[in-house]
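[1] what follows is a predicted structure for the sequence shown.
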Amino acid sequence: MNDHISILNNFFMNYLDNLIENNIASDINKKNISLDYISKNKKGHISSNFLLIIKKKIIIDNFDIESDIKTKIKSIEFVDYISVDKGFINIFIKKKYLLNQLIDILNNEKNYPNIKIGNNKNINIEFVSANPTGPIHVAHIRGAVFGDVLTNILKKTGFNITKEYYVNDAGSQIEILGNSLFKRYCQLFNVDIEIDDNEYPGEYLIDIARKLAEKDKDKWIDNNSKERKNYFENYSIKILIECIKDDLKLIGIEFDQFSYESHIVEKNLIEKLFKILEKNNLIYEGVLEKPKSDDSDDWEPRKQLLFKSSKLFDNQDRAFQKSDKSWTYFANDSAYHYDKFLRNYDKLINIWGSDHIGYISRMKSLVYSLSNNENYFNVLTCQIVRLIKNNQIVKMSKREGNFVTLRDLYNSVGKDALRYFMVSTKNETAMDFDLDKVIEKNKDNPVFYCQYAFARASSVINKAKDLNIIYSHEKDKKYLSINYISEKEWDIILKLLAYQYLLLQCSINHEPHRITNYLEDLASLFHTFWNMGNAEKSLRFIDEENINITKTKILWLQCFKVVFKNAFEIIGIEAPENM
RNA sequence: GUGCCCGUAGCUCAGUAGGAUAGAGCACCAGAUUCCUAAUCUGGGGGCCGUGAGUUCGAAUCUCGCCGGGCACGCCA
């Protein structure tokens, strides 16, 4: 990035380094220096608290930091003028320079925004990973969209991403699944058999059973062999994973890799992992304390293989082995993370539902014992989504298996609304998803509001194209002038130019929701300006009698479209040319 | 009892490396369309940022206590 924001940022950092090197100031935490580039109070295009921070750190007498830094900032080529108010440095940028930045965006549209903080580092993002015991439903969707959009952000900022889905196909619930399917299958042949309480009651298993019955007829009915058991388990997983893939595809999510728990088990990674843990004294035979939960009356102390996670980030040690010597879920999951570790990523990111928050510290401990790097493994959590219909919470129960599925939601609200809303609220905040509101076509609905702004902009540009008064080449530059641009438009332009910084923040902090907030602000500025054209003709985009003014306006409008299109791509929604 | 997350306008939410007078949308009230898409816009009222202390030039933001809500706390995956 080579724009006014990053140049000024570098300026402050270098200036500070110089002060310290020359023993003019003592060291400060650079993180405290802020650069406000969408200054709301309009005291400057860019504002900084630099003076406030540095003032007390000046260690030599008679050094007039304020006039010194003012002089140096003024000498930056694109700085128009500066003022200091209440300790804040307010900098105004030459408008000519801002205009040229817009031109740069159009000249390099394909590479915009050009952010390379990732340095092609390889990151593995594991998300969704819903158990293959039923279709994807509402509890998985937020994590799915969050992971997908985060991936897009990281890719746009220079990281290489592998999207991964972990399939738990080895646990006892898979046995239950296979058994549930078998019962449904038998029912098709009028065998008198009921689904038990702890089995899967969902109708989808009847459909799968039907497919199986069509293929195999009644050949398994009286078969209780191991072969039949495996067959039903594998068949149900295979079909359900296909179903999950199809469902995710509905909202534009595709994974690079599916990893299967059963393969991890086959590879014997647990043994290898334990050797490493042994070396580090992190594994031992021991007895856990009685758990603190209410319903732990039947608990009794037993000796088992434990992970010394309390030595790292956890508040207690965790079991690798059940008393019957079989591995716990945590043991297999540890092996899976070891597998990811062996694949040489620079970083692992996991996205989990809030119900797994308590699991983070043990897995963090495990991965840390391999990587010795606290930043290597990162778990992001999504809080629950409540569905609202007719102003009431939609009730769902695990027992009844009546979760609203992804496919249902897709059918009722569509891909764009689903993706936009799932990612527009901070992932750690619980949110309500109002099924009625998200399909409204008015400003209640921010998806629509933003897309409408895009469509309006497109319609103007298309019209300008027809009239041949569009900025299309460097040679058009001579027609443009800063004098044609009103103050309201500069607000929009400054905001547009801040887009890459917004993306940078989203990338660094893993916060997709900031994009939608930004878009809504920008769309609002745009709609306001549009309506000003209703009252004041000179503010309309297209004025055939003033071609140069029109070209100048269309220039920033083209950039507006570039930014919106880019952001829409990241969120994964349509950019409609007309509505 | 312990850990993590959350508490901002009547409602849904922004405000994120501590920064200037805390912002949007909805709802409510009053207005704008011979005109590039009114599916839009303009104006108005509405706040002890859960609460009490602390840190400092400065706190919605950081620390601690309390109150309220959510999630998780066997060898379930």
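    Thanks, I have it.
[2] next one: A:Ala453 from A:Gln392, what distance?
    32 Å (C-beta to C-beta, to the nearest Å). For glycine as for every other residue, the C-beta is placed from the backbone atoms N, C-alpha and C.
[3] same deal with A:Ile276?
    Distance from A:Ile276 to A:Gln392, by C-beta to C-beta: 52 Å.
[4] who's more crowded, the two?
    A:Ile276 (14 against 8; other C-beta atoms under 10 Å).
[5] give the helix, strand or coil label for that one.
    helix (DSSP: H, G, I helix; E, B strand; the rest coil).
[6] what's the answer for A:Ile28, then?
    Criterion first, three-state DSSP; result for A:Ile28: coil.
[7] spit out the contact partners of it.
    A:16, A:53-54, A:57 (C-beta atoms under 8 Å, 6 or more residues apart in numbering).
[8] same check, this time on A:Asn107
    A:Glu474.
[9] which element follows the element among helices and strands of chain A having the smallest mean pLDDT toward the C-terminus?
    Lowest mean confidence among the helices and strands of chain A (mean pLDDT, DSSP states H and E): strand A:392-393, at a mean of 78. Next in sequence after strand A:392-393, counting helices and strands by DSSP states H and E, comes helix A:406-424.
[10] which helices and strands does that following helix pack with?
    helix A:138-156, helix A:226-250, helix A:446-466, helix A:513-535, helix A:547-571 (3 or more C-beta pairs under 8 Å, 6 or more residues apart in numbering; DSSP states H and E).
[11] please identify the most buried of the ones you listed.
    helix A:138-156 (a mean of 24; mean count of other C-beta atoms under 10 Å).
[12] mind checking how far that helix is from the chain centre?
    4 Å (C-alpha atoms, centre = their mean, to the nearest Å).
[13] check stretch A:217-236 too.
    41 Å.
[14] so A:Ile208 touches A:Phe182, yeah?
    No. Look at A:Ile208 against A:Phe182 with C-beta atoms under 8 Å: they stay out of range, at 10.9 Å.
[15] RNA strand B contacts on the stretch 51-200 of chain A?
    A:52-53, A:56, A:85-88, A:90, A:131, A:168, A:170-173 (C-beta under 7 Å from any atom of the strand).
[16] let's see it at 6 Å
    For the stretch 51-200 of chain A, the contact set with RNA strand B under C-beta under 6 Å from any atom of the strand comprises A:52-53, A:85-86, A:88, A:90, A:131, A:168, A:171-173.
[17] could you work out the most separated pair of these?
    The largest distance within these, taken as C-beta to C-beta, falls between A:Asp85 and A:Ser172 and amounts to 67.0 Å.
[18] any weak-confidence spans in chain A?
    A:39-42, A:293-297, A:398-401 (pLDDT under 70).
[19] of all residues in it, which one is nearest the centre?
    A:Leu150 (2.7 Å; C-alpha atoms, centre = their mean).
[20] give the contact list for that one.
    Applying C-beta under 8 Å, 6+ apart, the residues near A:Leu150 are A:125, A:349, A:351, A:380, A:510, A:512.
[21] from these, which is closest to RNA strand B?
    A:His510 (8.7 Å; C-beta to the nearest atom of the strand).
[22] I figured that closest one hits A:Leu380, correct?
    Yes. In this structure, A:His510 is within contact of A:Leu380 by C-beta under 8 Å, at 5.9 Å.
[23] overlap in contacts, those two.
    A:150, A:349.
[24] give me every residue that touches the one residue in the stretch 51-200 of chain A that gets nearest to RNA strand B.
    Closest approach between the stretch 51-200 of chain A and RNA strand B, counting by C-beta to the nearest atom of the strand: A:Gly171, at 2.3 Å. With C-beta under 8 Å, 6+ apart as the criterion, the residues that contact A:Gly171 are A:261, A:329.
[25] tell me, how many residues neighbour A:Ile360?
    Neighbours of A:Ile360 using other C-beta under 10 Å come to 18.
[26] of the contacts of A:Leu150, closest to A:Ser481?
    Nearest member of these to A:Ser481, counting by C-beta to C-beta, is A:Pro512, at 37.9 Å.
[27] can you tell me how far that closest one is from A:Ala139?
    The value you get for A:Pro512 to A:Ala139, if C-beta to C-beta is used, is 19 Å.
[28] next: A:Asp444.
    Taking C-beta to C-beta, one finds A:Asp444 at 26 Å from A:Ala139.
[29] returning to that earlier point: which one of A:Ile208 and A:Phe182 has more residues nearby?
    A:Phe182 (26 against 22).
[30] show me how far the strand or helix carrying the more buried one is from its chain's centre.
    Using DSSP H and E, A:Phe182 maps to helix A:172-188. Computed by C-alpha atoms, centre = their mean, the chain-centroid distance of helix A:172-188 equals 36 Å.
[31] do stretch A:458-466 as well
    33 Å.
[32] what segments of the stretch 301-450 of chain A are helices?
    Per DSSP state H, counting those that start in this stretch, the stretch 301-450 of chain A carries helices over the ranges A:329-342, A:360-371, A:406-424, A:446-466.
[33] need those helices in CSV with distance to A:Lys565, can you?
    Below are the helices of the stretch 301-450 of chain A laid out as CSV (distance: least, C-beta to C-beta, whole Å):
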stretch, distance to A:Lys565
helix A:329-342, 34
helix A:360-371, 37
helix A:406-424, 14
helix A:446-466, 7
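[34] adding distance to RNA strand B as columns, could you present those in JSON lines?
    Below are the helices of the stretch 301-450 of chain A laid out as JSON lines (distance: least, C-beta to the nearest atom of the strand, whole Å):
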{"stretch": "helix A:329-342", "distance to RNA strand B": "3"}
{"stretch": "helix A:360-371", "distance to RNA strand B": "6"}
{"stretch": "helix A:406-424", "distance to RNA strand B": "7"}
{"stretch": "helix A:446-466", "distance to RNA strand B": "3"}
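[35] what's the closest of those to A:Trp299?
    helix A:329-342 (17.8 Å).
[36] list the buried residues in that closest one.
    A:330-341 (16 or more other C-beta atoms under 10 Å).
[37] how about the helices in the stretch 1-150 of chain A?
    A:4-21, A:50-54, A:65-74, A:95-107, A:138-156.
[38] check whether the first one contacts RNA strand B.
    I take that to be helix A:4-21. No. If you take C-beta under 6 Å from any atom of the strand as the test, helix A:4-21 misses RNA strand B, and the best it gets is 8.5 Å.
[39] that helix packs against which elements?
    Right, helix A:4-21 is packed against strand A:35-36, strand A:46-48, helix A:50-54, helix A:65-74, helix A:95-107 by 3+ C-beta pairs under 8 Å, 6+ apart.
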